[in-house]
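A.B. asks: my questions are about this predicted structure, shown below with the sequence.
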Amino acid sequence: MNASSLQMKLSYKSKVFSKVQKFNRKHKALSFLGIAYAFAAITLYDILFYFYRSGKRYICLACILLFFVFSSSFSYPAMSLNISFASDVSAEGYSSDTEEALSSVEVAESDAELAVSQDVDSELIKEAMESENPDVVEAEHLDSENQVSLSQILEATGGGAAMLDDTDDEAGLSDLGVMNFVSSDWKLMLVNKQHPIPDNYEFPLGTISGTMRCDERIIAPLLEMMRAANEDGVALIICSPYRDRDRQTMLFNNKVSRYMAGGMNYMEAYNLASQAVTVPGSSEHQVGLAIDIITEGYSSLDEGFGNTKAGKWLSENSYKYGFILRYPAGKENITSIEFEPWHFRYVGVDAATVIHENGICLEEFWNTYVN
């Protein structure tokens, strides 16, 4: 505060006090009014004087606020344009009114894309969530081309009895007889959203029967398990072994399209679909180590399979042949995949025994036992 301002403030206060003193001398009984007047006048003057001294500062602040208010208003107009900021290639199965749909393949390959928020149709979303798991698409036709039983396999191979190769299962034991699991072991390969299939990964693809294939190294233990189940009166039927990347991509994109048809943008549909369908490049079916199994009289790939005689037999005995229930109930927060009692994965007898006896999933096994 400069000298002139201070002088102006003091002179104003002196005038107020002078007036109050004169008023109080004439009206002693009303002196409290004079004091109240003096207090109010000086307080109001101090407030106005403060803003007077800081006027330039508040004018600048007001200009900045107005700039952001007006710029925000023009940046986000309140109108429905039905515009998608993506390529002009329509995504298959997209049934909304938007003229330019977001291409699911292009967005999956990019780090991020913009999408227009649509009104979500709750009925369509519910239908998409309750729709059959993509594994069902592989098993929906009840013929030998899509499903194969033990008797069909033996018939195709001339009745030959493929026996379990014990050499692979001994790989987990060290010279001292102590379990020694290493990450380089092909049987223990961890495949999930966080661990996609390596670009250079190669494996021997063998034929189970007809067009059904898988990693040829698991065919012997698979047939051994099916034979043991058959001896216990349980008929196991293989319906979805190896899939190539194109097939997995098609299944995943179909699921995404269902959600997008309900009004979700691509990223919302992608995140929800990935909870039911493994993302292309992170599916165990693509490396031939996963097998989907059904049984006679129950061909649905749903949670009910776990309550069938076959589902219970597999849960109790599959580990003896090197297979594990890959996505068990109660582990969804770790595997990021819903409970799938039909999906079995080969890891070898040693690892499968550890996983079964400890009630853990493959991710937990890796964190604890794999070097």
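C.D. replies: Done, it's in. All values derive from a computational prediction rather than experimental measurement.
A.B. asks: can you pull out the helices in the stretch 201-350 of the chain?
C.D. replies: Shown for the stretch 201-350 of the chain, the helices assigned by DSSP state H, counting those that start in this stretch span residues 219-231, 245-261, 266-273, 309-317, 332-335, 349-358.
A.B. asks: would you reformat these as a markdown table and include mean neighbour count?
C.D. replies: For every residue, glycine as well, the C-beta is placed using N, CA and C. Shown next, in a markdown table, are these (neighbours: other Cβ atoms under 10 Å):
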| stretch | mean neighbour count |
| --- | --- |
| helix 219-231 | 20 |
| helix 245-261 | 20 |
| helix 266-273 | 20 |
| helix 309-317 | 18 |
| helix 332-335 | 14 |
| helix 349-358 | 19 |
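A.B. asks: so in the chain, where's the weakest helix or strand by average pLDDT?
C.D. replies: For the chain, counting by mean pLDDT, DSSP states H and E, helix 104-109 ranks last in confidence among helices and strands (a mean of 42).
A.B. asks: picking that back up, residue 201 is nearest to which of the helices of the stretch 201-350 of the chain?
C.D. replies: Nearest to residue 201 among the helices of the stretch 201-350 of the chain is helix 245-261 (11.6 Å), distances taken as Cβ to Cβ.
A.B. asks: for the closest one, packing partners?
C.D. replies: Judged by 3 or more Cβ pairs under 8 Å, 6 or more residues apart in numbering; DSSP states H and E, the packing partners of helix 245-261 are helix 104-109, helix 122-130, helix 134-139, helix 266-273.
A.B. asks: report the angle between that helix and helix 266-273.
C.D. replies: 110 degrees (axes from the mean of the first three to the mean of the last three Cα atoms, to 10 degrees).
A.B. asks: got the contact list for the nearest residue to residue 304 once chain neighbours are set aside?
C.D. replies: Closest residue in space to residue 304, ignoring its immediate chain neighbours: residue 298 at 7.2 Å, by Cβ to Cβ, 6 or more residues apart in numbering. Each residue near residue 298 by Cβ atoms under 8 Å, 6 or more residues apart in numbering is listed here: 304, 305, 308, 310.
A.B. asks: pLDDT score for the first one?
C.D. replies: At residue 304 the predicted local confidence, pLDDT, stands at 93.
A.B. asks: which strands and helices sit next to the one helix or strand residue 37 maps to?
C.D. replies: In this structure, residue 37 sits in helix 31-53 according to DSSP states H and E. Contacts defined by 3+ Cβ pairs under 8 Å, 6+ apart place helix 31-53 against helix 3-26.
A.B. asks: if we can go back for a sec, for the helices of the stretch 201-350 of the chain, which one sits closest to residue 19?
C.D. replies: helix 266-273 (71.1 Å).
A.B. asks: so residue 152 sits in a helix?
C.D. replies: Yes - membership of residue 152 in a helix is supported by DSSP: H, G, I helix; E, B strand; the rest coil.
A.B. asks: my guess is it contacts residue 208, does it?
C.D. replies: No - look at residue 152 against residue 208 with Cβ atoms under 8 Å: they stay out of range, at 9.6 Å.
A.B. asks: so between these two, which is more surrounded?
C.D. replies: The neighbour comparison of residue 152 against residue 208 (other Cβ atoms under 10 Å) goes to residue 208, with 22 against 17.
A.B. asks: for residue 368, which non-adjacent residue is spatially closest?
C.D. replies: The spatially closest residue to residue 368, leaving aside those adjacent along the chain, is residue 360, at 7.5 Å (Cβ to Cβ, 6+ apart).
A.B. asks: can you give me phi and psi for residue 331?
C.D. replies: For residue 331, the backbone dihedrals (degrees, to the nearest 10) come out as phi -110, psi 10.
A.B. asks: before we move on, the earlier item: let me know the pLDDT of the residue nearest to residue 368.
C.D. replies: At residue 360, the pLDDT value in this model is 97.
A.B. asks: what do you get for residue 9?
C.D. replies: If you check residue 9, the pLDDT there is 58.
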